[in-house]
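*Asks:* fold the following for me, if possible:
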Amino acid sequence: MRVSSLIGKWTIFMATVCTLALPFSTHAENAVASKSGELCDRLITRMPTVNKAMCVKGGFVPTGRYSLQGFPLLAKDVPALNRNKKKPPLRVLLMGGIHGDELTSAAIVYRWVDSMNGPAAQRIDWRIMPVVNPDGLLAKKAMRMNANGVDLNRNFPTPDWDKEAPKYWQARTRADPRRFPGNSPLSEPESRWVEDEMHAFKPDVIISVHAPFGVLDFDGPAQPPRKFGRLLLNRVGVYPGSLGNYSGVHKNVPVITIELPNAQKMPPEAEVRRIWIDMLGWIKENVESQSTAPGVHSVSLPDTTAPKK
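*Replies:* A predicted model of the protein is given here:
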């Protein structure tokens, strides 16, 4: 047998041994990265200005919860830096894509996370949920509702939901299928997930991104923002089952609804940045921590892709 052939076989053997000898954590990290890449391949086809590198860099992981059609519901915690033991950091829940056809509402969350630096953002404990309704986003034609045809932003358990939500849907929206609230509150896996995250994380404020009305809406016990970037405050009211009604009015946790001006086309880069800076400034000046002890509400997200029974 030739020496070159022996060397070749020895090289292959050693490469195999070295691969098998890698720590389990390395294999796990590779598996997570591969899974993240696969999910990003699907998501970026619907998110304007978000490429795969940016999506993967976002670092969102499966939470162990799934959409109706089995897409992993993704989230990420970004803890505050330089924590002050006497004053716990504010906790902000940031979410996008609760309506699947509002493509920019998910995309802008990835854009903000890509540039989440600076002292203002780093003073905050973040929980970020970029795509609450992946089935709607990834449908053959992106749709507002989830795979059950339910408007997730009408599915939260506001008081008298069983009476008020169907009545509102029939009378005020003329049974618009795009605004169907479901057959019962929290009937959908995606809305149950959001509510569970709210209970676990206990945010001081919730930021929910929508499109395409080009305004700011606000519900809850705080001084409302006047403007973020070019978006001006224009309260649109509350309705049965909405997140603003459920959290802001009845749970006393302020909810800012950011309505981007276009559901398909992202704002200019300078405007994306301006909205972010103004939002951070408002949080710093107007939101007070509801914590009574540092770290009491810290909840780590599971890193798993196995569905719960």
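*Asks:* tell me the centre residue of this structure?
*Replies:* By C-alpha atoms, centre = their mean, the chain has its centre lying nearest to residue 129, at 1.7 Å.
*Asks:* check what pLDDT that residue gets.
*Replies:* With respect to pLDDT, residue 129 scores 98.
*Asks:* which ones are touching it?
*Replies:* Shown here is residue 129, whose contacts under the criterion C-beta atoms under 8 Å, 6 or more residues apart in numbering are 73-75, 93-96, 194, 197. All C-beta spots, glycine's among them, are computed from the backbone N, C-alpha and C.
*Asks:* which SS state does residue 199 fall under?
*Replies:* Secondary structure, DSSP: H, G, I helix; E, B strand; the rest coil: residue 199 is helix.
*Asks:* show me how far stretch 100-109 is from its chain's centre.
*Replies:* Using C-alpha atoms, centre = their mean, to the nearest Å, the mean C-alpha position of stretch 100-109 is found 10 Å from that of the whole chain.
*Asks:* do stretch 208-228 as well
*Replies:* Worked out by C-alpha atoms, centre = their mean, stretch 208-228 lies 17 Å from the chain centre.
*Asks:* same deal with stretch 194-201?
*Replies:* Taking C-alpha atoms, centre = their mean, one finds stretch 194-201 lying 12 Å from the centre of the chain it belongs to.
*Asks:* buried stuff in it?
*Replies:* Within stretch 194-201, the residues scored as buried using 16 or more other C-beta atoms under 10 Å are 194-195, 197-198, 201.
*Asks:* got the CA coordinates for stretch 50-67 in CSV?
*Replies:* Coordinates of each C-alpha in stretch 50-67 appear next as CSV, following Å, rounded to 0.1, in the frame of the first residue of the first chain:
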residue,chain,number,x,y,z
VAL,A,50,-33.5,41.4,7.4
ASN,A,51,-30.9,39.0,6.0
LYS,A,52,-29.8,35.6,7.3
ALA,A,53,-26.7,36.9,9.0
MET,A,54,-28.7,39.5,10.9
CYS,A,55,-31.4,37.0,11.8
VAL,A,56,-28.9,34.4,13.2
LYS,A,57,-27.0,37.1,15.0
GLY,A,58,-30.3,38.1,16.7
GLY,A,59,-29.9,34.9,18.8
PHE,A,60,-33.5,34.1,19.3
VAL,A,61,-34.1,30.6,20.6
PRO,A,62,-37.1,28.2,20.7
THR,A,63,-39.0,28.6,24.0
GLY,A,64,-40.4,25.1,24.0
ARG,A,65,-43.7,26.5,22.8
TYR,A,66,-45.1,26.1,19.3
SER,A,67,-47.5,27.8,17.0
